[in-house]
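Colleague: Build the 3D model from these lines:
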Amino acid sequence: PDWAAGSEQHAWLERELAAAADRGAITFVQCHHPPFSSGRHGLPPGSGDGLDEHSGQPLRALAPLFKQHRVRCVFSGHDDLYEHSLADGVHYFVVGNGGDGLPPPQEGAVNERQIFIAHDQAAEQWNGNALAAGGKHYGHVEVDVSRTDGDGGFTVTITPVYAFPVLDPARPGVVTGWERRAYEDVFTFDVEAAPAAATTVAP
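Modeller: Sure, this is the predicted structure:
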């Protein structure tokens, strides 16, 4: 469907984002294709070598709209990896590590906005035959919103969590259990309380 500037969908998105910003909402956007990714769908759009027919790059055209209306984060999938990027103050998360595979980044896909990717920045650490820390694992992202004491604002914490396999050191490859762990990419920000609505007092 057409979502370019001037289309019905673009006009709808602009109205929704503007309305959210006007009422002081904490605004997140979700889309399937990732605007910024190091995966296969981070290649430029097209068919042939070095291109991808399902590229997420065209969605970068919406980035100015996200910035203008103070979108905090954009969540997407499509590529089966975990990656965090920052563009013009907006945080972009590829949460594809809940998908059907955990491939490495795509050769030739360059994400100049990347600030964390599990594949490179959570290196595996082994203790003999047992993985002690790090690695690419299936997981998800948790978004926790809590009120700030006293001022009516909020604190938002975004945590990439994953299921870590506990391996038996004496039996290579044997999983004895699972632990909940988090990548070192926890992102926290504060949101001020929305201004009170103006009231009109009858004379």
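Colleague: Identify the bridge partners of the residue nearest to the spatial centre of the chain.
Modeller: Most central in the chain under C-alpha atoms, centre = their mean is residue 93, positioned 1.4 Å from the mean C-alpha point. Legend: beta-bridge partners of residue 93 under DSSP bridges are residue 75, residue 84.
Colleague: Pull the contacting residues for it.
Modeller: For residue 93, the contact set (C-beta atoms under 8 Å, 6 or more residues apart in numbering) comprises 73-76, 82-85, 141, 158, 160. No exception for glycine: its C-beta is placed from N, CA and C like everyone else's.
Colleague: ok, so of those, who is nearest residue 109?
Modeller: Using C-beta to C-beta, residue 83 is the member of these that lies nearest residue 109, at 10.5 Å.
Colleague: Residue 165 versus that closest one, what's the distance?
Modeller: The gap separating residue 83 from residue 165 is 21 Å, by C-beta to C-beta, to the nearest Å.
Colleague: the more surrounded of these two?
Modeller: Legend: neighbour count by other C-beta atoms under 10 Å for residue 83 and residue 165, higher for residue 83 (31 against 17).
Colleague: Adjacent strands (with direction) for the longest strand anywhere in the chain?
Modeller: The residue-count maximum for a strand in the chain (DSSP state E) belongs to strand 154-167. When pairing is defined by DSSP bridges, strand 154-167 lines up against strand 139-147 (antiparallel), strand 175-182 (antiparallel), strand 187-191 (antiparallel).
Colleague: got a list of contacts for the first one?
Modeller: The list of residues contacting strand 139-147 from outside it, by C-beta under 8 Å, 6+ apart, reads 26, 28, 75, 82, 93, 95, 97-98, 153-163.
Colleague: which helix in the chain runs the most residues?
Modeller: Assignment by DSSP state H gives helix 8-22 as the longest helix of the chain.
Colleague: for it, packing partners?
Modeller: Applying 3 or more C-beta pairs under 8 Å, 6 or more residues apart in numbering; DSSP states H and E, one finds that helix 8-22 contacts helix 63-68.
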